[in-house]
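Participant: for reference, the sequence and a predicted model appear below.
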Amino acid sequence: MKYRTLGSTGLEVSVIGVGTWQFGGEWGHDFTQQEADAILEEAEAQGINLIDTAECYGDHLSESLIGDYLARRDRSRWIVATKFGHRFHSFMNRTDDFSVEGMRLQLEGSLRALKVETIDLYQFHSGPDALFRNEAMWKALDDQKRAGKIRHLGISILGKGSEEQAREARSVGAEALQVIYNRLDRRPEQLYFPYAVRDQLGVLARVPLASGLLSGNYPRGTTFPAGDFRSTIDSEKLQSQLAEAQRLREAEVPEGMPMAQWALRWCLENPAVSAIIPGCKNPAQVRSNAAAAV
């Protein structure tokens, strides 16, 4: 495993992390504690030390599965990143809550679920610019840092993008950006990475396999069942992305290299990227992801 420093945080993160949205039950499978343990045990064996989760991955469900694991392991070897800003209600049904009190309650809920005293990276979670500008919220977050409940602040930029949040990250005390970045979505190269370099912000690249579309496992014409969030993607957009993934497989993936490994390495080739956080459904996928470390 390789490691990089996450911006100005001083945290040495494995270049491959573990994304855990799937633990919240919106990827077509309800994970048991035993299954989550097997994934995290393999991650530990591979030298991975970065876990990314969120408050709304099943109403702290993902965090709870992680917390149960951490409670039985050496907490000090893990860098735990989570997020705030949404209330989970049901499958793909959330409401925003970036209020000061909402943040405080979500933070306390995350600390309880994760069974930790301090969260290493606490991230503003895909909120709109209007809510990002809430000075009282950032002041309250700084107070929580001073209280020792948060080590570092970050911003997980919403999918449709926000140049403002990247540009102003340092001014609100954030030291890291989490962005969608993969071979099908290169917007961060223009929108975010210049600010990350300018302000020494760490970058976590999420969705590096484009929700699995760059894994090489899904041919054109694929559809996803209800209960898998990918079933909510616009059909025309999905098929266009699958066609582009097929073209990339034929034109850019070296012969003999698994497409998923190529796609992950492609993200890491950009020096602005500190780490990538692919999801994984089983230990075999953890090993495959770890093999992409460069």
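Facilitator: That came in fine, so what should we check first?
Participant: and whichever strand or helix holds residue 267, how far out from the chain middle?
Facilitator: Counting by DSSP states H and E, the element that carries residue 267 is helix 259-268. Its chain's average C-alpha position is 16 Å from that of helix 259-268, according to C-alpha atoms, centre = their mean, to the nearest Å.
Participant: going along the chain, name the helices of the stretch 51-200 of the chain.
Facilitator: Under the criterion DSSP state H, counting those that start in this stretch, helices of the stretch 51-200 of the chain are mapped to 61-70, 100-114, 129-132, 135-146, 163-167, 188-191, 193-199.
Participant: what's the longest one packed up against?
Facilitator: The one in question is helix 100-114. helix 61-70, strand 79-84, strand 119-125, helix 135-146 (3 or more C-beta pairs under 8 Å, 6 or more residues apart in numbering; DSSP states H and E). Every residue, glycine included, has its C-beta placed from N, CA and C.
Participant: kindly export that helix (C-alpha atoms) in CSV.
Facilitator: This file holds the C-alpha atoms of helix 100-114, laid out as CSV (Å, rounded to 0.1, in the frame of the first residue of the first chain):
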residue,chain,number,x,y,z
VAL,A,100,-26.2,24.6,13.9
GLU,A,101,-28.4,22.4,16.2
GLY,A,102,-28.8,19.9,13.4
MET,A,103,-25.1,19.6,12.9
ARG,A,104,-24.5,19.2,16.6
LEU,A,105,-27.1,16.4,16.9
GLN,A,106,-25.7,14.7,13.8
LEU,A,107,-22.2,14.9,15.2
GLU,A,108,-23.2,13.4,18.5
GLY,A,109,-25.1,10.7,16.6
SER,A,110,-22.0,9.9,14.5
LEU,A,111,-19.7,9.8,17.5
ARG,A,112,-22.1,7.3,19.2
ALA,A,113,-22.5,5.2,16.2
LEU,A,114,-18.8,5.1,15.4
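Participant: what residues of it count as buried?
Facilitator: Within helix 100-114, the residues scored as buried using 16 or more other C-beta atoms under 10 Å are 102, 103, 104, 106, 107, 109, 110, 111, 113, 114.
Participant: ok, now the fourth one?
Facilitator: In terms of neighbour count (16+ other C-beta under 10 Å), helix 135-146 has its buried residues at 137, 138, 140, 141, 144.
Participant: quick one: average pLDDT of it?
Facilitator: For helix 135-146, the mean pLDDT works out to 98.
Participant: got the contact list for it?
Facilitator: Contacting residues not belonging to helix 135-146 are listed as 98-100, 103-104, 107, 122, 131, 150-153, 172-173 [C-beta atoms under 8 Å, 6 or more residues apart in numbering].
Participant: could you rerun that using 7 Å?
Facilitator: Counting contacts by C-beta atoms under 7 Å, 6 or more residues apart in numbering, the residues outside helix 135-146 that touch it are 98, 100, 103, 104, 107, 150, 153, 172, 173.
Participant: same thing with the third one?
Facilitator: Outside helix 129-132, the residues that touch it by C-beta under 7 Å, 6+ apart are 96, 98, 124, 162, 164, 165.
Participant: can I have the buried ones of those residues as a PyMOL selection?
Facilitator: Those of the contacts of helix 129-132 that count as buried under 16+ other C-beta under 10 Å are selected in PyMOL with:
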select buried, resi 98+124+162+165
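Participant: picking that back up, so which of the helices and strands packed on helix 100-114 comes closest to residue 9?
Facilitator: Using C-beta to C-beta as the criterion, the shortest distance between residue 9 and these is 7.3 Å, found for strand 119-125.
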